[in-house]
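Enquirer: give me a model of this one.
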Amino acid sequence: MAQDNHYRIDYLLQGLYRTFYIRAETMSHAEAWYWATVDAGLGQIPKYRNDKSPKLSKPQAESLGLTSVEWSLA
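Expert: Residues are numbered from 1 along each chain as shown. Reported below is the predicted structural model:
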């Protein structure tokens with residue numbers, strides 16, 4: 001079993017600063033954007049692991065008011 005790490009993700013949603021923590025094996029800029037959309041209520045988590053849920057692209061998320069996504073190892 002792989003070791004999970006704790007990550008801090010910060011973002012702006014319609015000008016309001018938000019932050020949350022998530023545990024994951026790895027993190028990338030694209031994954032941070034995905035989890036920020038989920039935390040903001042804009043994105044979806046698949047019901048089952050093998051389900052394909054649509055992920056919002058960065059331009060789509062920005063058009064909905066989500067900006068300035070940054071992540072770091074917590």
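
Enquirer: CA atoms for contacts and neighbours, from now on please.
Expert: Will do.

Enquirer: so which bits of the biggest helix by length in the chain are buried?
Expert: If you go by DSSP state H, the chain has its longest helix at helix 29-39. Using 16 or more other CA atoms under 10 Å as the burial criterion, the residues of helix 29-39 that qualify are 32-37, 39.

Enquirer: I'd say S53 and P46 touch.
Expert: Yes: between S53 and P46 there is a contact under CA atoms under 8 Å: 5.3 Å.

Enquirer: returning to what we had before: which outside residues touch the helix or strand that the longest helix of the chain is followed by?
Expert: Where DSSP states H and E defines the elements, the next helix or strand beyond helix 29-39 is helix 58-63. By CA atoms under 8 Å, 6 or more residues apart in numbering, the residues outside helix 58-63 that reach it are 33, 37, 42, 67.

Enquirer: endpoints of stretch 8-21, how far apart?
Expert: End-to-end distance for stretch 8-21: 5 Å, by CA to CA, to the nearest Å.

Enquirer: report the distance from that stretch to the chain centre.
Expert: Chain-centre distance of stretch 8-21: 10 Å, with CA atoms, centre = their mean, to the nearest Å.

Enquirer: and stretch 49-68, by the same measure?
Expert: 8 Å.

Enquirer: likewise for stretch 22-32?
Expert: 8 Å.

Enquirer: what's the end-to-end length of it?
Expert: Span of stretch 22-32 from end to end, CA to CA: 10 Å.

Enquirer: before we move on, what about stretch 19-36?
Expert: 9 Å.

Enquirer: contact partners of it?
Expert: 2-11, 39, 43, 55-56, 58, 69-71, 74.

Enquirer: in helices only, show me these.
Expert: Checking the contacts of stretch 19-36 against DSSP H, those in helices are 39, 58.

Enquirer: write the ChimeraX selection for whichever of the contacts of stretch 19-36 are buried.
Expert: Only the buried entries of the contacts of stretch 19-36 go into this ChimeraX selection, using 16+ other CA under 10 Å:
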select :7,9,10,11,39,43,55,56,58,69,71
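
Enquirer: now the closest residue in space to R8 that isn't next to it in sequence: which helix or strand?
Expert: In space, and not counting its chain neighbours, R8 is closest to Y21: 4.5 Å by CA to CA, 6 or more residues apart in numbering. Using DSSP H and E, Y21 sits in strand 16-24.
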